[in-house]
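A.B. asks: I'll drop the sequence and a predicted model, then ask my questions.
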Amino acid sequence: MQKYRIMALLCGLALIAPAPLRAGADDGAVHEYSLDNGLKLIVKEDHRAPVMVSQLWYRVGSSYEHGGITGLSHVLEHMMFKGTRAHPAGEFSRIIAENGGRENAFTGRDYTAYFQTMEKSRLPVSFELEADRMRNLLLPGDEFEKEVRVVMEERRMRTEDNPQALTYEQFMATAWVSSPYHNPIIGWMDDLENMEIGDLSTWYRRWYAPNNATLVVVGDVDPDEVHALAKKHFGPLKPGEPGPLKPRREVKQRGEKRIVVEAPAELPFLVMGYKVPVLKTAEQDWEPYALDVLAGVLDGGESARLASRLVRGKAIAASAGAGYDLYDRLDSLFILEATPSSGHDIGQLEQALLDEIGELRKKQVSDDELKRVKAQIMASKVYALDSIFYQAMQIGMLETIGLDWREMERYSERVQAVTAEQVQAVAKKYLVPQRLTVARLKPLPIDPKHPPRRGMGGGHVR
């Protein structure tokens, strides 16, 4: 469940707003603007503390790449800190730090985003720097070669030397055939080794333009002042010509898929995934919310089924989890992952997970369990909104994948409307062998001089 770990990592980087210092009458108000060059600006007021977060989202990520250039979006993210004529390499981060801010960037499958968290009066600093590198980035060959080597080493550390992450990567490449989700965000090593500066320059010119970006500001700000600042700094930039994106829809799966990944590891590891729709692709708009609740039934805290039954009850799993995200650009996966406990093999663990899925297909969730799961989902959502970073991230992500930011305001109502019948219906429709891919990690002996890394690795944050 790499995507969910990326989210957790990013939210860990966020500045969490303290208990309200002062509540503004307009707290929560969202204002939307469009510049003449196509840049979309969304401002959300949160006056609890004198801080703001500015996030610039580009509609480009690893799912925009094709064979031979995988990893290009992530390498470009690294190069965005290598300077312009107005601000040489290193100046961006130095200026943000001098102004008491924090900054970073992240690349996902469907987006690349850059952010700064600062005291509210420093917003002009953020805008001036981001506007400059949107269209004026320098791409020196020596810096490009260095950053590609950095990304290659990052790949070795986070994927190739990490047996669980390596298994997950092979699992994704097996599950998806024609969907661009087949490729890893960080890219395949052979593509990184053969990447050229011309590839990067073309990618930058095509996708990094105001009409392919959404600027999100959340915090103790005046929306009209933010709009005026955006027009001042971003308004003069010329729009680009991103061009249409091929749909690249996944071919129909015609049977269960299985792979075994052999790698030095301490423990076996199991990943299972069912192809499912997301909010943007579902035929019935209630289905993604039902799948979200279904994930909560399995993995919504210590009282959820996987933890209570497989980890503590039968003690067949040392760890077990389930995950689903309704906010992807293309069809996604409902994922289960687990590690067997001592005395149990991975075959027994897989059967136990399949039994849990089978029960969901045969029997409706009880009213009490459904209420508990919904309450837990809503509590986690409300808690997350304490972070101005997370508020901005929700807006930026929805807009960038092609949904309206207002979908986040509908989330609570839609989750509460999910019925036990609907949870069972999506389990029966989607959690079936014809949609299933299974990957097993088979541990090989460990070289004591090169022990494997643990966990699934972090998100692709610079």
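C.D. replies: Received it, and whenever you're ready, just let me know what you need. Residues are numbered from 1 along each chain as shown.

A.B. asks: buried residues, the helix or strand residue 438 falls within. List them.
C.D. replies: Using DSSP states H and E, residue 438 falls within strand 436-444. Going by neighbour count (16 or more other CB atoms under 10 Å), the buried part of strand 436-444 is 436-441, 443. Heads up, the C-betas are built off the backbone N, CA and C, glycines and all.

A.B. asks: who are the packing partners of it?
C.D. replies: helix 163-175, strand 257-264, strand 269-276, helix 346-362 (3 or more CB pairs under 8 Å, 6 or more residues apart in numbering; DSSP states H and E).

A.B. asks: partner strands of that strand, with direction?
C.D. replies: Strand 436-444 has the following sheet partners, assigned by DSSP bridges: strand 257-264 (parallel), strand 269-276 (antiparallel).

A.B. asks: so which of the helices and strands packed on strand 436-444 comes closest to residue 150?
C.D. replies: Closest to residue 150 of the helices and strands packed on strand 436-444, according to CB to CB: helix 163-175, at 17.8 Å.

A.B. asks: so how far is the closest one from its chain's centroid?
C.D. replies: In terms of CA atoms, centre = their mean, to the nearest Å, the centre of helix 163-175 is found 17 Å from the chain centre.

A.B. asks: and if you look at stretch 158-175?
C.D. replies: Taking CA atoms, centre = their mean, one finds stretch 158-175 lying 17 Å from the centre of the chain it belongs to.

A.B. asks: next one: stretch 136-149
C.D. replies: 26 Å.

A.B. asks: give me the mean pLDDT for it.
C.D. replies: Model confidence over stretch 136-149, given as mean pLDDT, is 97.

A.B. asks: picking up where we left off before, dump the helices and strands packed on strand 436-444 into JSON lines; add distance to residue 299 as well.
C.D. replies: As requested, these are exported to JSON lines (distance: least, CB to CB, whole Å):
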{"stretch": "helix 163-175", "distance to residue 299": "16"}
{"stretch": "strand 257-264", "distance to residue 299": "23"}
{"stretch": "strand 269-276", "distance to residue 299": "13"}
{"stretch": "helix 346-362", "distance to residue 299": "10"}
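
A.B. asks: tell me which of the ones you listed sits nearest to residue 188.
C.D. replies: helix 163-175 (9.1 Å).

A.B. asks: for residue 253, see how far away the closest residue to residue 182 other than its chain neighbours is.
C.D. replies: Closest residue to residue 182 apart from its sequence neighbours, by CB to CB, 6 or more residues apart in numbering: residue 176 at 4.0 Å. Computed as CB to CB, to the nearest Å, the residue 176 to residue 253 distance reads 10 Å.

A.B. asks: same check on residue 70?
C.D. replies: Distance, residue 70 to residue 253, using CB to CB: 22 Å.

A.B. asks: try residue 379
C.D. replies: 36 Å.

A.B. asks: between these two, which is the more surrounded one?
C.D. replies: Ranked by neighbour count (other CB atoms under 10 Å), residue 379 and residue 253 place residue 253 first, with 17 against 11.

A.B. asks: surely that one is in contact with residue 434?
C.D. replies: Yes. Using CB atoms under 8 Å, residue 253 is in contact with residue 434, at 6.2 Å.

A.B. asks: picking that back up, in TSV: the strands paired with strand 436-444, plus distance to residue 368, mean neighbour count and mean pLDDT.
C.D. replies: Listed next are the strands paired with strand 436-444 as TSV, based on distance: least, CB to CB, whole Å; neighbours: other CB atoms under 10 Å; pLDDT from 0 to 100:
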stretch	distance to residue 368	mean neighbour count	mean pLDDT
strand 257-264	36	15	98
strand 269-276	26	24	98
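
A.B. asks: ok, residue 304 touching residue 296?
C.D. replies: Yes. At 7.0 Å, residue 304 counts as touching residue 296 under the criterion of CB under 8 Å.

A.B. asks: can you list residues touching both of these two?
C.D. replies: residue 373 (CB atoms under 8 Å, 6 or more residues apart in numbering).

A.B. asks: quick one: the helices in the stretch 151-300 of the chain?
C.D. replies: Counting by DSSP state H, counting those that start in this stretch, one finds helices in the stretch 151-300 of the chain at the ranges 163-175, 189-193, 197-207, 223-233, 287-299.

A.B. asks: for this protein, which spans come out with low pLDDT?
C.D. replies: 1-25, 455-462 (pLDDT under 70).

A.B. asks: residue ranges of each domain in it, please.
C.D. replies: Split into domains by automatic domain parsing, the chain comes to 2-233, 257-444.

A.B. asks: so how far is residue 250 from the nearest residue to residue 369 once chain neighbours are set aside?
C.D. replies: Leaving aside its chain neighbours, residue 369 sits nearest to residue 297 (6.7 Å; criterion: CB to CB, 6+ apart). From residue 297 across to residue 250, the span is 26 Å (CB to CB).

A.B. asks: of the two, which one has the most company?
C.D. replies: residue 297 (21 against 16).
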